[in-house]
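# pasting a predicted model and its sequence here:
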Amino acid sequence: MKLAALSFFVLVVPAAFAAPSLDPPKLRLDGAAQPSNYAVNLTIVPDRDTFQGSVDIGIEVRMPAEVVWLNSIGLEIQDAIFRPES
């Protein structure tokens, strides 16, 4: 019994302190943060295949996280800024 408990401690505890994965999550985000509001400003020119704009996303951080993932398939992000609440 003591050997089993020690094995569990040796196998599980190092995983708890591992660096966050930088691989994007599959299908759904992990729930560490959830969007609370969006402010979108787009410039759309009908005869162009692309658009420009900005999006401000307010998030509710539910648990401490080293990485917060956002869905952005097909977008070219030129700049991202984190502004914590004061």
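Received the coordinates, thanks. Residues are numbered from 1 along each chain as shown.

# what ranges does the protein have for its helices?
2-16 (DSSP state H).

# so where's it uncertain?
Residues of the chain that meet the criterion pLDDT under 70 lie in 1-21, 86.

# so where do the strands sit in it?
Along the chain, the stretches classed as strands by DSSP state E are 33-44, 51-61.

# now render these as TSV, adding mean neighbour count and distance to R83.
(C-beta placed from N, C-alpha, C; glycine too.) Output for the strands of the chain, formatted as TSV (neighbours: other C-beta atoms under 10 Å; distance: least, C-beta to C-beta, whole Å):
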stretch	mean neighbour count	distance to R83
strand 33-44	10	13
strand 51-61	11	9
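
# would you turn the ones you listed into CSV with distance to L22?
Written out in CSV, the entries for the strands of the chain read as follows (distance: least, C-beta to C-beta, whole Å):
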stretch, distance to L22
strand 33-44, 16
strand 51-61, 19
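
# to P24, which of these lies closest?
Proximity of those to P24 was assessed by C-beta to C-beta; the nearest stretch is strand 33-44, lying at 14.5 Å.
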